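Return a 3D structure for these sequence lines:
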Amino acid sequence: MEQHFQARIVHLEDRVPGLAPDFIARTMRGTIGLFPPRLSPENVAGKVNAIIDDSRWIVRCPNPACAGALLAPRDTPFFCCVDCGSPENNHQWYEVVYPKEKAAIEKLLLARPYNVTLPNGQVAGRGWTLGQTAKALLLENAEIGIEA
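As a prediction, this is how the structure comes out:
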């Protein structure tokens, strides 16, 4: 089986250059009839954390009734769910928060091939969840023979 190596952990702008989160939300008007406000400081309320899933920075919708997720934007770090319109946040934008160790986390994950199995049988792919430290990723990498 061929190992897939990607050069970076991707953001929204890597997949669709020049596409801003505000544009995505405005297109919701035609698709699901929601009218989120234009992205501006007075239309931002609350924060949502970005995570890494399968080599992609994503934001999962915090609405308990929604299972939506979008690629997380790097250049304009704001989020409004295109699936539900973020009613739990009064249809306002969230600020997207990245971890303080973002660069170290990306570097450690990029050293891995996709979905490598640890000695304990757990799959350690290119994913990161809130609360996982760079040190923990470094230890996982050492378990599978990846040097720092």
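
Quickly find the element holding the residue nearest the centre of the chain.
Centroid-nearest residue in the chain, with C-alpha atoms, centre = their mean: Ile58, separated by 1.8 Å. Ile58 belongs to strand 56-60 when elements are defined using DSSP states H and E.

Could you list the residues in contact with that strand?
9-11, 48-52, 68-72, 74, 79, 94, 96, 98 (C-beta atoms under 8 Å, 6 or more residues apart in numbering). Using the backbone N, CA and C atoms, a C-beta is placed for each residue, glycine as well.

Mind doing that once more with 7 Å?
Residues from elsewhere that reach strand 56-60, judged by C-beta atoms under 7 Å, 6 or more residues apart in numbering: Ile9, Val10, His11, Val48, Ala50, Ile51, Ala69, Leu70, Leu71, Ala72, Phe79, Val96.

Following the chain past it, name the next helix or strand.
Counting by DSSP H and E, the next helix or strand C-terminal to strand 56-60 is strand 69-71.

Run me through the strand neighbours of the next helix-or-strand element following that next one, direction for each.
Sequence order places strand 78-79 as the next helix or strand after strand 69-71, per DSSP H and E. According to DSSP bridges, strand 78-79 forms sheet pairs with strand 93-97 (antiparallel).

Identify the residues contacting the strand it pairs with?
39, 43-44, 46-50, 59, 72-73, 77-80.

now do 10 Å
Residues outside strand 93-97 that contact it (C-beta atoms under 10 Å, 6 or more residues apart in numbering): 11-12, 21-22, 25, 36-41, 43-50, 57-59, 61-62, 70, 72-74, 76-81, 86, 130.

Just the buried ones from these?
The neighbour-count test (16 or more other C-beta atoms under 10 Å) marks 11-12, 21-22, 25, 36-37, 39, 43-44, 48-50, 57-59, 61-62, 70, 72-74, 76-81, 86 as buried among these.

hang on, the earlier thing: just put the contacts of strand 56-60 in a markdown table and tack on pLDDT and distance to Lys135.
Shown next, in a markdown table, are those (pLDDT from 0 to 100; distance: C-beta to C-beta, whole Å):
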| residue | pLDDT | distance to Lys135 |
| --- | --- | --- |
| Ile9 | 86 | 18 |
| Val10 | 85 | 24 |
| His11 | 82 | 24 |
| Val48 | 96 | 25 |
| Ala50 | 97 | 20 |
| Ile51 | 97 | 18 |
| Ala69 | 92 | 27 |
| Leu70 | 89 | 29 |
| Leu71 | 90 | 27 |
| Ala72 | 91 | 23 |
| Phe79 | 89 | 28 |
| Val96 | 95 | 24 |
